[in-house]
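J.: Show me how the following folds:
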Amino acid sequence: MSHSIIDRKAVTKLQATIVILIIAVSAVAGSAYYLTLPNSPSPTPSPSPTASPTPTSTPTPTSTPTPTITVVNYAGRTVTLDSPIESIASNYPISTEAILFLGGEDKLIGCDGSNYGNAFMKSLYPKIADATDIGYPWNLNMEQIVALEPSVFVTAGNNQETADQMAELGVPTVCLSFETPEDFNNALTIIGELLNTQEEASTAVQYFTSITQSITDQTQNLADSSKPTVMFASFGAQKKYELQTPGEGMLQNNMIEMSGGISVSADQPGGWNQISMEQVAAWNPDIVIVTSYASNVSTTDLKNQIMSDDAWNVTDAKLNGQVYAFAQDWEAWDSPTPKWILGLCWLGTHIQPELFASIDLTDTASDFYETFYGISYADAGIQGDV
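T.: This next block holds a predicted model:
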């Protein structure tokens, strides 16, 4: 009995010990389940969700701004035009000639009536014949110009109202004046910008400025007592006594003053003024300069008319043999065209002959025509008292 009791107790203790060991081993085994053993492969991590790409919109193409040209015209108004200028129209003879002078023949699609009908100008610039005759500032046909669709329309400086009307009709318009050396040079500079011939314009401006300075350097300090009184005389093509003189602000009066004279008509209203012989007698000029703007009447024709008319005997100019026919080619050199600079030299030699005795007009004119027109002095057909 004692043996059996002892055995059962031993078994019971043994069982208890086994149970404890099992529990312990189980605990260790359970912990090992969560450990990374040296020879165990690393668990593969679950992939992170891939973010969807942010949607992007296709950029809207941006248009390149159209290049422009901005000029300030004679009236002080700013005019902005698309660049480059493809075509140009001008109904002001002076601006048309400046456009041609600076290389605009290929772009001229509308031409004033004077240059359009001038055979000599067409010999210099044959493509004038391909342009449309658009008349003059005083008979403007707006519908005709609008129909031509020029990139720019050029007209006289005092036509700003017309410029505003043309702009409303969709035709950019530039007004230019040529009546002073400063205005003339500024107009050439603007035309050079329009035509993209800035280099040619700059060369011309330098030429005109240099000669103007050489003349005025000699006359600017002259006393009035050393200056003769001078009258510009122009006649209408049809009426013998449609006698006119230039008024305030006109280039002809500026030229007289620069070359050492006093213009008797400088205080007359601007533009050309019709005058009487009574007024001529009252002025009694020392010198009379005769000019013509009629293609069928030369300056020499008009001088001869004065010299054969006894009514002019009341002037010291005629009595002293100082009535002069202004030099001209297809037009007189006093016009505010590029040839006005030759006219300034010509006036100097006739108003202040001693002061300008060194000027050789033939050489000066020959150089001018060859440089700017590509023709000889002889080909220009110079007339008048040269």
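
J.: Touching stretch 348-364 from outside, list them.
T.: Here stretch 348-364 makes contact (Cβ atoms under 8 Å, 6 or more residues apart in numbering) with 215, 218-219, 222, 227-228, 230, 256, 259-261, 287, 289, 324, 327, 342, 345-346, 377, 385-386. The C-beta positions use only the backbone N, C-alpha and C, and glycine is treated the same way.

J.: Now restrict these to buried residues only.
T.: 215, 218-219, 227-228, 230, 256, 259-261, 287, 289, 324, 327, 342, 345-346, 377, 385-386 (16 or more other Cβ atoms under 10 Å).

J.: among the residues you listed, which are in strands?
T.: Using DSSP state E, the members of the buried ones among the contacts of stretch 348-364 that fall in strands are 230, 287, 289, 324.

J.: Alpha carbons of the helix or strand residue 188 falls within, as PDB, please.
T.: In this structure, residue 188 sits in helix 181-195 according to DSSP states H and E. The C-alpha trace of helix 181-195 is given here as PDB (Å, rounded to 0.1, in the frame of the first residue of the first chain):
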ATOM      1  CA  PRO A 181      15.000 122.300 -91.200                       C
ATOM      2  CA  GLU A 182      14.000 120.600 -87.900                       C
ATOM      3  CA  ASP A 183      10.700 119.500 -89.300                       C
ATOM      4  CA  PHE A 184      12.300 118.300 -92.500                       C
ATOM      5  CA  ASN A 185      14.800 116.200 -90.700                       C
ATOM      6  CA  ASN A 186      12.200 114.800 -88.300                       C
ATOM      7  CA  ALA A 187      10.000 113.900 -91.200                       C
ATOM      8  CA  LEU A 188      12.900 112.000 -92.900                       C
ATOM      9  CA  THR A 189      13.500 110.200 -89.700                       C
ATOM     10  CA  ILE A 190       9.900 109.100 -89.400                       C
ATOM     11  CA  ILE A 191       9.700 108.000 -93.000                       C
ATOM     12  CA  GLY A 192      12.900 106.000 -92.400                       C
ATOM     13  CA  GLU A 193      11.200 104.200 -89.500                       C
ATOM     14  CA  LEU A 194       8.200 103.500 -91.700                       C
ATOM     15  CA  LEU A 195      10.200 102.100 -94.600                       C
END
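
J.: What residues sit buried inside it?
T.: 181, 183-195.

J.: Could you name the helices and strands sitting against that helix?
T.: With contacts taken as 3 or more Cβ pairs under 8 Å, 6 or more residues apart in numbering; DSSP states H and E, helix 181-195 sits against strand 68-72, helix 93-101, strand 152-156, strand 173-176, helix 198-219, helix 251-258.

J.: would JSON lines of these with mean pLDDT and distance to residue 315 be doable?
T.: Formatted as JSON lines, these follow (pLDDT from 0 to 100; distance: least, Cβ to Cβ, whole Å):
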{"stretch": "strand 68-72", "mean pLDDT": "91", "distance to residue 315": "44"}
{"stretch": "helix 93-101", "mean pLDDT": "97", "distance to residue 315": "30"}
{"stretch": "strand 152-156", "mean pLDDT": "95", "distance to residue 315": "33"}
{"stretch": "strand 173-176", "mean pLDDT": "95", "distance to residue 315": "36"}
{"stretch": "helix 198-219", "mean pLDDT": "97", "distance to residue 315": "23"}
{"stretch": "helix 251-258", "mean pLDDT": "97", "distance to residue 315": "16"}
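
J.: residues in contact with the residue lying closest to residue 339 once chain neighbours are set aside?
T.: The spatially closest residue to residue 339, leaving aside those adjacent along the chain, is residue 333, at 4.9 Å (Cβ to Cβ, 6 or more residues apart in numbering). The contact partners of residue 333, taken as Cβ under 8 Å, 6+ apart, are 326, 327, 339, 340, 342, 343, 346.

J.: could you pull out the helices for the stretch 251-386 of the chain?
T.: Secondary structure of the stretch 251-386 of the chain by DSSP state H, counting those that start in this stretch: the helices cover 251-258, 277-283, 299-307, 316-319, 340-351, 361-368, 377-380.

J.: Next, the buried residues of the third one.
T.: Right, helix 299-307. Here helix 299-307 shows 299, 300, 302, 303, 305, 306 as buried, counting by 16+ other Cβ under 10 Å.

J.: Quick one: residues in contact with it.
T.: So helix 299-307 is contacted by 233-235, 240, 288, 290-292, 312, 318, 323-328, 332, 383-385 (Cβ under 8 Å, 6+ apart).

J.: which of the residues you listed count as buried?
T.: Among those, the ones that count as buried (16+ other Cβ under 10 Å) are 233-235, 288, 290-292, 312, 318, 323-328, 332, 383-385.

J.: circling back: so which of the contacts of residue 333 is the closest to residue 372?
T.: residue 339 (9.1 Å; Cβ to Cβ).

J.: That closest one - how many residues pack around it?
T.: 26 (other Cβ atoms under 10 Å).

J.: hang on, it packs against residue 331?
T.: Yes. Counting by Cβ atoms under 8 Å, residue 339 touches residue 331, with 7.5 Å between them.
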